[in-house]
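what follows is a predicted protein model with its sequence.
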Amino acid sequence: MAQQRLLKDRITLNYRSLLILWCSTAVIYAVVKMAIGKFNNYKIFENVYFHAREGIGLYGDHFAEYYDSNHYGIIFSAIIAPFALLPQWIGVILWIIANTMLLFYAIKKLPLNFSQKRFIYLFSFIELLTAQSMQQFNISVAAFIILTFVWIEEKKDFWAAFLIILGTLVKLYPIVGLAFFFFSKNKVKFILSLMFWAVVLFCLPMLYTPGPEYVVSQYFEWFERLEIKNEINKFAIPQNISLLGIVRKISGNGDYSDLWLLVPGVIMFLIPYLRIKDYSKLSFRMSFLANVLLFMVLFSTGSEGSGYITAMIGIALWYIVSPSKNKKSQFLFMMVAMIIVALCSTEIVPKTIRVNFITKYVIKAWPCTVAWLILMYEMIFSKYENKLYTPTMYENYYTEKEIEEEICYNV
């Protein structure tokens, strides 16, 4: 029945066409950025490998090679190595494609039917373009978090732990994958896997760098750099595009601690864990995934425009798993949110508006903040059922069994 209801809605777009759409823009951006010489982020990334191999400090200024500084952990040198060893123009293209394909795969693995996943692909597409244009690893960060959830759902705790540790040692953010710990069916295995991967991935760079002392020193320098970066981010224009940034930049107050916002935010985040009986409901568990994706962006001073691919996937998931029956109002809000978030990252908007309004009031973060607050209200007070909403022309809801049928049909 689910197969028949969704067949008509799949005529024009399928996984292959969506993947081609996503990857074609990756190639276009890579070629354009190489042509105009604006691919500084990739220059930083590839030199993490070369500097690590040669035993050069990863966090100093290397203006002869690139501007800005590296803020990724030394294990990132292992991730970027296959691309850095290629001719630069090939490396840039394959780097953006690889990040894009990983996120595409992660979304495809979600326990949703095709129409639901198609909605996520299309809704987050504009922010994907922003991340692709910056050659950003944020695309893979989103994939890491989604795959962590998926693999815990699939009882692949060993590999879920791998992504948490790898992502944390690269950019800290994927540590939020620990939020799915209580959904693990084998918590002991999960904990042991975390310990195993922490040791393995910590030691891995020692195989191709000058040795243990160098690796340990780089971790210490990394933490020091992150502390400095956190202070710089507070009022930085391209960073702190978050709930923290809304309060900080509008108030203009640099004296208070972000803990005044972080602590209440974390408490709100944790309250839904008290609904233990709802753990068995897919819609409730996936609400946690949406929550994590939004929380990570809204409560970080390092949040930047290219990181909003994560937040927009979170909003799309919220729309699908929300127990609210008022889908028309939600859809209207989402379209407004998508337009606002997209316009905040484009030069189509006049510079005076961008500087005096969008940047000053951190407008990009407002729609995501509203979505997160609504999501938190629902997770604390609303009743969840074992069915998910499917955004199609037929306005259908599907039970978990019907979704499983659709997933099997699309494999």
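Everything's here; your move.

which residues sit against the helix or strand containing residue 219?
Here residue 219 sits within helix 212-233, counting by DSSP states H and E. By Cβ atoms under 8 Å, 6 or more residues apart in numbering, the residues outside helix 212-233 that reach it are 52, 55, 57-59, 69, 71, 73-74, 172, 202-203, 205-206, 209, 239-240, 301-302. (Each C-beta comes from the backbone N, C-alpha and C, glycine too.)

swap in stretch 263-282?
111, 179, 182-183, 243, 284-285, 287-288, 291, 295, 298-299, 376, 379-380, 384-386, 388, 400.

filter the residues you listed to the buried ones?
Listed as buried from the contacts of stretch 263-282 are 111, 179, 183, 243, 284-285, 287-288, 291, 295, 298-299, 376, 379, 384, 388; burial here means 16 or more other Cβ atoms under 10 Å.

tell me which two in those residues are the farthest apart.
111 and 243 (28.8 Å; Cβ to Cβ).

quick revisit: what's the PyMOL syntax to select whichever of the contacts of helix 212-233 are buried?
Buried members of the contacts of helix 212-233, defined by 16+ other Cβ under 10 Å, are picked up in PyMOL with:
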select buried, resi 52+58+59+71+73+74+172+202+205+209+239+240+301+302
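
about what we covered before: beyond the helix holding residue 219, next helix or strand please.
Using DSSP H and E, the helix or strand that follows helix 212-233 in sequence is helix 243-251.

what comes up buried for that following helix?
243, 244, 245, 246, 247, 248, 249.

residues contacting the second one?
Looking back up the chat, that one is residue 244. 258, 261, 262, 298, 299, 300, 301.

what ranges do the strands span in this structure?
Applying DSSP state E to the chain gives strands spanning 387-390, 396-399.

check the ones you listed for me: which has the lowest mean pLDDT.
Of all the strands of the chain, mean pLDDT reaches its minimum on strand 396-399 (a mean of 48).

looking at the contacts of residue 244, which are in helices?
Of these, the ones assigned to helices by DSSP state H are 261, 262, 298.

can you pull out the low-pLDDT segments for the stretch 151-300 of the chain?
For the stretch 151-300 of the chain, no stretch has pLDDT under 70.

OK, contacts around the closest residue to residue 361 other than its chain neighbours?
Distances taken as Cβ to Cβ, 6 or more residues apart in numbering place residue 250 nearest to residue 361, at 6.1 Å, with adjacent residues excluded. For residue 250, the contacting residues are 360, 361, 362, by Cβ under 8 Å, 6+ apart.

ok, residue 250 to residue 240 distance?
To residue 240, residue 250 is 12 Å away according to Cβ to Cβ, to the nearest Å.

how close does the closest residue to residue 288 other than its chain neighbours get to residue 227?
Spatially, and ignoring its direct neighbours in sequence, residue 288 is nearest to residue 179 (6.2 Å; Cβ to Cβ, 6+ apart). When Cβ to Cβ is applied, the distance between residue 179 and residue 227 equals 24 Å.

now residue 134
24 Å.

also residue 237?
20 Å.

for residue 112, same thing?
Residue 112 is 39 Å from residue 227, where distance means Cβ to Cβ.

mind checking which of those two has more residues around it?
Applying other Cβ atoms under 10 Å to residue 112 and residue 227 shows that residue 112 carries more neighbours, namely 24 against 9.

low-confidence ranges in the stretch 301-411 of the chain?
Low-confidence regions of the stretch 301-411 of the chain, defined by pLDDT under 70, span residues 392-411.
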